[in-house]
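In: okay, here's the prediction I keep looking at, along with the sequence it came from:
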Amino acid sequence: MEKYTLFVVLAFLCEIIGTVSGFGSSILFVPVASLYFDFKTVLGITAVFHVFSNLAKIVLFREGINKNIAIKLGVPAILFVIIGALLTTIIPTQKMELFMNIVLMALAIFLMFNFNKSLSQTNSNLYLGGTVSGFLAGITGTGGAIRGITLAAFHMPKNVFIATSAVIDLGVDASRTVVYVSNGYFEKQYLVLIPFLIGISVLGSFIGKLILKKTSEVIFRYLVLIVIILTSAIQSIKYFS
């Protein structure tokens, strides 16, 4: 377990920042985890971790859940995360990892330059946002940025934003966890991490909630995007070298 100490600390920071940013921790957790594990293991650990993470957020922010948006965005997300997750069993791992880093970097750069830009408040955009975010979550491990852009169009209060996103993400992560685990992406040797992932999920989400009450989330969102760009760029360079 000693070799995973730094990983646990970084995962804890990802959970705090992910809660504050509203995008969820996967957009930062995936590139961090890829520094320690192979790509398919990253997918498995991320999915398991986020089941606990979303449960914690639902409990902490439960008064803010918007059921209408959760259903319209969540149903297509769950359907397409399964499709994306199944594709990971037939697409070469190295190419998936490169694709993941390119997608993450592109999303981060897009969000950096379109920080306050939002989509039209339509059901069509909810369905499309759910489809794209679910598919990306299944095949790359993270779809929080797409879901965040979609939800931002409805200008919801922070508590509603986070709670609704967590409900959707729980369905997405539970669905892909079944696919990943059944295909051996989360091996028995990593079961030792589960108690730590549960603790990180609860404590990180709680601290994130406290920070949200006192600090502007804008600074944290920019921090997340900068870290994602740097980490994804380093991982992409490693692939070609």
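Out: Nice, I can see it.

In: ok, the residue nearest in space to the middle of the chain - contacts?
Out: The centre of the chain sits closest to Ser26, judged by C-alpha atoms, centre = their mean, with a distance of 2.7 Å. By C-beta atoms under 8 Å, 6 or more residues apart in numbering, Ser26 lies in contact with Gly18, Thr46, His50, Ala137, Gly141, Thr142, Gly143, Gly144. Yep, even glycine has a C-beta here, placed from its N, CA and C like the rest.

In: what's the closest non-adjacent residue to it?
Out: Nearest residue to Ser26, sequence neighbours excluded (C-beta to C-beta, 6 or more residues apart in numbering): Thr142, at 4.0 Å.

In: so that neighbour: helix, strand or coil?
Out: Following DSSP: H, G, I helix; E, B strand; the rest coil, we place Thr142 in the coil state.

In: can you report phi and psi for it?
Out: Here is the backbone geometry of Thr142 (degrees, to the nearest 10): phi -150, psi 130.

In: Met156 now?
Out: When read as degrees, to the nearest 10, the backbone of Met156 gives phi -80, psi 150.

In: tell me the contacts of it?
Out: Gly64, Asn66, Thr164.

In: which one of the residues you listed sits closest to Val30?
Out: The shortest gap between Val30 and any of these belongs to Thr164, at 21.7 Å (C-beta to C-beta).

In: list only buried entries from the contacts of Met156.
Out: Buried members of these, counted by 16 or more other C-beta atoms under 10 Å: Gly64, Asn66, Thr164.

In: is the last one in contact with Leu151, as I believe?
Out: Spelled out, that is Thr164. Yes. Judged on C-beta atoms under 8 Å, Thr164 makes contact with Leu151 at a distance of 6.7 Å.

In: can you check which residues contact both of those two?
Out: By C-beta under 8 Å, 6+ apart, the residues touching both Thr164 and Leu151 are Ile69.

In: quick one, strands of the chain?
Out: Applying DSSP state E to the chain gives no strands.

In: residues near the nearest residue in space to Leu170 that is not next to it in sequence, how many?
Out: Nearest residue to Leu170, sequence neighbours excluded (C-beta to C-beta, 6+ apart): Asn54, at 4.0 Å. Asn54 has 23 neighbouring residues, counting by other C-beta atoms under 10 Å.

In: list the contacts of Asn54.
Out: With contact set as C-beta under 8 Å, 6+ apart, Asn54 has these partners: Ala166, Val167, Asp169, Leu170, Asp173.

In: contacting residues around the closest residue to the second one other than its chain neighbours?
Out: Leaving out its chain neighbours, the residue that sits closest to Val167 by C-beta to C-beta, 6+ apart is Ala70, at 4.6 Å. Applying C-beta under 8 Å, 6+ apart, one finds that Ala70 lies in contact with Thr164, Val167, Ile168.

In: go on, Lys188?
Out: Taking C-beta under 8 Å, 6+ apart, we find Lys188 in contact with no residue.

In: what about it, distance to Ile194?
Out: Between Lys188 and Ile194 the computed distance is 11 Å (C-beta to C-beta, to the nearest Å).

In: Ser25 too?
Out: Ser25 sits 16 Å away from Ile194, going by C-beta to C-beta.

In: what about those two, which has more around it?
Out: Taking neighbours as other C-beta under 10 Å, Ser25 and Ile194 compare with Ser25 leading, 31 against 14.

In: neighbouring contacts of stretch 11-18?
Out: Under the contact criterion C-beta under 8 Å, 6+ apart, stretch 11-18 has outside partners 24-29, 32-33, 49, 53, 144, 196-197, 200-201, 203-205, 207-208, 211, 220, 223-224.

In: among the residues you listed, the buried ones, what's the ChimeraX command?
Out: Selecting just the buried residues from those in ChimeraX takes one command, with 16+ other C-beta under 10 Å as the test:
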select :24,25,26,27,28,29,32,33,49,53,144,196,197,200,201,204,205,208,211,220,224
